[in-house]
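Participant: Below is the sequence, then the predicted model.
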Amino acid sequence: MSDKLKEERVLALVTPDNVTLEMKDPVDPKALEQAKAIMAELRPDGGKVIEKNLIDVAQRLGDIQDDKFMITKEECKAAFDALSDEDRASLVNIHRRVKLFADAQRAAVQDTQVPIPGGMAGHTISPCKAAGCYAPGGRYPLPSSVIMTAVTARAAGCETVVLASPRPAPITLAAAHIAGADKILSVGGAQAIACMAYGVGQSVPSCDVIVGPGNQWVTAAKSIVNGHCGIDMLAGPSEVLVICDETANAEIVAADLIAQAEHDVVARAILLS
């Protein structure tokens with residue numbers, strides 16, 4: 001291989017012996033202790049998150065610069081209106097596709113009852129009152145996470161949709177607008193999960209369920225609030241293994257690898273060829 005090709009290589013070339021066969025606990029022990037400490041600071045009396053404490057934590061951890069931790073719907077709409085035509089069209093298209101499937105999912109589950117000896121048996125479908133949606137901020141904004149969680153909650157019939165995202169980019173706020181989020185928090189990590197699980201004063205309700213991807217502190221915090229409210233899952237770092245040969249479309253292979261590798265610096269994108 002030429003020196004030029006070596007310099008342009010994106011993926012590191014390794015042998016099978018270099019790839020560890022490890023099963024990681026999705027909850028990092030150190031992150032769990034830190035998440036517990038943050039939550040104890042936010043709600044010292046064990047009740048709702050105290051607004052002043054939230055501001056102190058959010059400022060210390062770099063989520064906000066002043067005392068403003070919520071973003072208005074008007075600001076989200078302004079961000080949507082300010083997008084380029086291309087970006088706005090992309091969001092509209094993504095929203096349309098996700099909503100189409102979410103509506104179909106909801107329509108597929110209906111109230112039902114059947115007669116049985118001695119009475120009736122059946123079930124009713126009731127949406128959660130409030131859904132909490134987390135969208136990562138950090139290195140790269142993920143407006144797709146906003147749409148895939150908030151639009152689904154809206155299709156399910158949730159009365160209130162709360163979105164939390166640290167240092168949200170304009171595209172994230174624009175996604176919040178088109179997805180119909182009711183409350184938008186500009187905080188992340190364990191502090192965001194605490195806000196959605198326990199509520200913040202009169203401004204943020206306690207959510208019945210919290211969904212969406214996040215870093216190790218988000219996952220740790222989800223493990224703490226699980227049971228108080230519902231969660232989607234405890235997800236570890238993203239991993240993907242693509243097996244291909246010389247007949248594969250290189251652009252598609254690269255897209256599959258990048259789609260997972262972009263999530264986090266500890267994500268593992270592996271190509272076997």
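Facilitator: Happy to help now that I have it. Numbers count the residues shown, from 1 in each chain.

Participant: before we move on, what SS does residue 271 have?
Facilitator: At residue 271, secondary structure determined by DSSP: H, G, I helix; E, B strand; the rest coil is strand.

Participant: For it, which non-adjacent residue is spatially closest?
Facilitator: residue 242 (5.2 Å; C-beta to C-beta, 6 or more residues apart in numbering). For glycine as for every other residue, the C-beta is placed from the backbone atoms N, C-alpha and C.

Participant: Contacts for the lengthiest helix in the chain, please.
Facilitator: With DSSP state H setting the assignment, residue counts place helix 85-108 as the longest helix in the chain. Taking C-beta atoms under 8 Å, 6 or more residues apart in numbering as the criterion, the residues outside helix 85-108 that touch it are 80, 83, 143-144, 147-148, 151-152, 154-157, 171, 174-175, 178-179.

Participant: hmm, back to that, how far away from the center of its chain is the strand or helix carrying the residue nearest to residue 271?
Facilitator: Take DSSP states H and E as the rule and residue 242 turns out to sit in strand 239-243. Its chain's C-alpha centre lies 22 Å from the corresponding centre of strand 239-243 when counted by C-alpha atoms, centre = their mean, to the nearest Å.

Participant: for that strand, packing partners?
Facilitator: Packed against strand 239-243 by the contact rule (3 or more C-beta pairs under 8 Å, 6 or more residues apart in numbering; DSSP states H and E) you find helix 250-261, strand 268-272.

Participant: mind listing what's buried in it?
Facilitator: Taking 16 or more other C-beta atoms under 10 Å as the basis for neighbour counts, the residues of strand 239-243 that come out buried are 240, 242.

Participant: Who are the contact partners of the closest residue to residue 129 other than its chain neighbours?
Facilitator: Leaving aside its chain neighbours, residue 129 sits nearest to residue 159 (5.1 Å; criterion: C-beta to C-beta, 6+ apart). When contacts are counted by C-beta under 8 Å, 6+ apart, residue 159 touches 127, 129-130.

Participant: What about those residues, which are in strands?
Facilitator: Among those, the members found in strands (DSSP state E) are residue 130.

Participant: from the contacts of residue 159, which single one is nearest residue 62?
Facilitator: Distance ranking of these against residue 62, using C-beta to C-beta, places residue 130 first at 27.0 Å.

Participant: And the pLDDT for that closest one?
Facilitator: Residue 130 carries a pLDDT value of 97.

Participant: cool, and residue 55?
Facilitator: Reading off the per-residue confidence, residue 55 sits at a pLDDT of 96.

Participant: ditto for residue 112
Facilitator: pLDDT for residue 112: 95.

Participant: still on that earlier bit, give me the mean pLDDT for the longest helix of the chain.
Facilitator: The average pLDDT for helix 85-108 rounds to 96.

Participant: Show me the strands in the chain, by range?
Facilitator: Ranges of strands in the chain, per DSSP E, are 70-71, 112-116, 119-123, 130-134, 160-164, 183-185, 209-211, 230-231, 239-243, 268-272.

Participant: circling back to that earlier point, can you list the contacts of residue 159 in CSV and add distance to residue 206 and neighbour count?
Facilitator: Rendered in CSV, the data for the contacts of residue 159 read as follows (distance: C-beta to C-beta, whole Å; neighbours: other C-beta atoms under 10 Å):
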residue, distance to residue 206, neighbour count
127, 16, 16
129, 9, 14
130, 7, 23
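
Participant: For the contacts of residue 159, give me CSV that also has distance to residue 32.
Facilitator: Listed next are those as CSV, based on distance: C-beta to C-beta, whole Å:
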residue, distance to residue 32
127, 31
129, 28
130, 25
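
Participant: ok, so of the contacts of residue 159, who is nearest residue 238?
Facilitator: Distances from the contacts of residue 159 to residue 238 were compared by C-beta to C-beta; the smallest belongs to residue 130, at 27.9 Å.

Participant: who's that closest one bridged to?
Facilitator: For residue 130, the beta-bridge partners are residue 160 (DSSP bridges).

Participant: residues contacting it?
Facilitator: Neighbouring residues of residue 130 by C-beta under 8 Å, 6+ apart: 158-162, 205-208.

Participant: and the gap between residue 161 and residue 184?
Facilitator: Remark: distance between residue 161 and residue 184 (C-beta to C-beta, to the nearest Å) = 10 Å.

Participant: Next, give phi and psi for the residue sitting nearest the centre point of the chain.
Facilitator: Note on the chain: the residue nearest the mean C-alpha position is residue 212, at 2.6 Å, using C-alpha atoms, centre = their mean. The main-chain torsion angles of residue 212 are listed as degrees, to the nearest 10 and equal phi 120, psi 150.
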